[in-house]
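**Q** Make a model of this:
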Amino acid sequence: MKNPLGSMAAIGCSLLIGACAPPGAGSEDMVRMVLPEGDVAAGRKALQDLRCTLCHTVKGESRLAAPSTASPGPELRGPSMSGLSRGAVATAVVAPAHVNVESAELWTDWSDRQRVWLGPGQQLEEDVPEERSRMRNYGDVMTVQQLCDLVAYLEVGTD
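**A** As a prediction, the model looks like this:
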């Protein structure tokens, strides 16, 4: 004979565990991946082909055209990129809305109203919707090879 109390307790525990999972758990958009090495010269060409210099200056590159926008984006290969991982640089290119906090990476995005940012020795929870980046998402217009090359190019001179 089964114990009805034990069955009810098991069902209750299952429901409680399911309720504790963050919304969207198991359907995360953020993944960790290994980015293959790229070619620096091809990365400079990708920077020009993708017209990144319409909005960005590049530290150490005086021969590139100046940005044509009144409020340019951050200087590439400059202090704002110092210490960023290759993954963070790649994310900034293909999903720019996820990387807008200096020295921090989006660790999780459970909902539209809660985000947890991790930075050097800190954790910051924010309960307001993030500001969307003005930069477009380049994930739909560039190849994986262009991304690898661009990241290799942007890594030069960011120490």
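
**Q** Show the residue spans covered by the helices in the chain.
**A** Here the chain has its helices, by DSSP state H, at 4-20, 40-49, 86-94, 144-155.

**Q** what packs against the shortest one?
**A** Yep, that's helix 86-94 we're talking about. helix 144-155 (3 or more Cβ pairs under 8 Å, 6 or more residues apart in numbering; DSSP states H and E). Just so you know, the C-beta spots here come from the backbone N, C-alpha and C atoms, and that holds for glycine as well.

**Q** Counting by contacts, list what the helix it packs on packs against.
**A** Helix 144-155 packs on helix 40-49, helix 86-94, going by 3+ Cβ pairs under 8 Å, 6+ apart.

**Q** tell me what the longest one is packed against?
**A** Contact here means 3+ Cβ pairs under 8 Å, 6+ apart; on that basis helix 40-49 packs against helix 144-155.

**Q** Lowest mean pLDDT across the helices and strands packed on helix 144-155, which one is that?
**A** Lowest mean pLDDT of the helices and strands packed on helix 144-155: helix 86-94, a mean of 84.

**Q** CA atoms of that helix as PDB?
**A** Output of helix 86-94 as PDB, limited to C-alpha atoms (Å, rounded to 0.1, in the frame of the first residue of the first chain):
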ATOM      1  CA  ARG A  86      38.100  37.400 -26.500                       C
ATOM      2  CA  GLY A  87      34.600  36.200 -25.700                       C
ATOM      3  CA  ALA A  88      33.600  39.600 -24.400                       C
ATOM      4  CA  VAL A  89      34.900  41.300 -27.500                       C
ATOM      5  CA  ALA A  90      33.100  38.900 -29.700                       C
ATOM      6  CA  THR A  91      29.900  39.400 -27.800                       C
ATOM      7  CA  ALA A  92      30.300  43.100 -28.000                       C
ATOM      8  CA  VAL A  93      30.300  42.700 -31.800                       C
ATOM      9  CA  VAL A  94      27.500  40.200 -32.400                       C
END
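
**Q** Give me the angle between it and helix 40-49.
**A** 20 degrees (axes from the mean of the first three to the mean of the last three Cα atoms, to 10 degrees).
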